[in-house]
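Asker: Fold the following.
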Amino acid sequence: MTGEIDYGNLMHAAMRSLIKTVLEDVGENGLPGNHHFFITFDTNQPDVQIAQWLSDRYPGEMTIVVQHWFENLVVDDAGFSITLNFGDNPEPLYIPFDAMRTFVDPSVEFGLRFESAEDDEEDGPALYEVTEEDEVEVSEEPEADAPAKDADVVSLDSFRK
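Answerer: Now for the predicted structure:
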């Protein structure tokens, strides 16, 4: 046994499992109520599969909105595939959970941000406290690269003794 418990990696695994469960349910039953998701991911992660024109347009990071029109949402142990509409052009995407940087459901003021080693040397995901000011209005054809407003972040450090 090693000298320390790796809480950061354990938290990442737990939060990815939570997102996996939510996406599986949405894939089977659709989005309930006003729920919708903003998912930001690293387009440079090796297992990300997106069209070349999307990769060219979003060379480092991309935010997708899962709300009005999506289909073929299929979840596996490593990530999920989904078809989204980009200006009346349906495009399939595959996003590994390891590529995700944020997952936000503003309808219930819930969000996660996954920190990486280069992001401040923090070990775990931060929890967003999404407020009404943080909500982003989404039209029928949302801009995938629209800048999101900064959310108030509750760091896990505030709960450590």
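
Asker: so where's this protein uncertain?
Answerer: In the predicted model of the chain, residues 1-2, 116-161 satisfy pLDDT under 70.

Asker: Helices along that one, start to end?
Answerer: With DSSP state H as the criterion, the chain has helices at 7-29, 52-57.

Asker: how distant is the longest one from the center of its chain?
Answerer: If I follow you right, that is helix 7-29. 10 Å (Cα atoms, centre = their mean, to the nearest Å).

Asker: ok, now the shortest one?
Answerer: When distances are taken as Cα atoms, centre = their mean, helix 52-57 is centred 19 Å away from the chain's centroid.

Asker: Could I get the CA-only coordinates of that helix as CSV?
Answerer: Extracted as CSV, the C-alpha positions of helix 52-57 are listed here (Å, rounded to 0.1, in the frame of the first residue of the first chain):
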residue,chain,number,x,y,z
GLN,A,52,-12.1,18.0,-39.1
TRP,A,53,-13.8,21.3,-39.6
LEU,A,54,-14.8,21.4,-35.9
SER,A,55,-11.3,20.5,-34.9
ASP,A,56,-10.0,23.3,-37.1
ARG,A,57,-12.5,25.8,-35.6
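
Asker: If we go by neighbour counts, what in stretch 72-86 is buried?
Answerer: Using 16 or more other Cβ atoms under 10 Å as the test for burial, stretch 72-86 gives 73, 75, 79-80, 82, 84, 86. Yep, even glycine has a C-beta here, placed from its N, CA and C like the rest.

Asker: So which of the residues you listed belong to strands?
Answerer: In this view, the buried residues of stretch 72-86 that belong to strands under DSSP state E are 73, 75, 79-80, 82, 84.

Asker: thinking again about what came up before, could you identify which of the helices of the chain is most buried?
Answerer: Most buried of these, by mean neighbour count (mean count of other Cβ atoms under 10 Å): helix 7-29, with a mean of 15.

Asker: In a markdown table: the helices of the chain, plus distance to H68.
Answerer: Shown next, in a markdown table, are those (distance: least, Cβ to Cβ, whole Å):
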| stretch | distance to H68 |
| --- | --- |
| helix 7-29 | 13 |
| helix 52-57 | 19 |
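
Asker: Having no further points to raise, I will conclude here.
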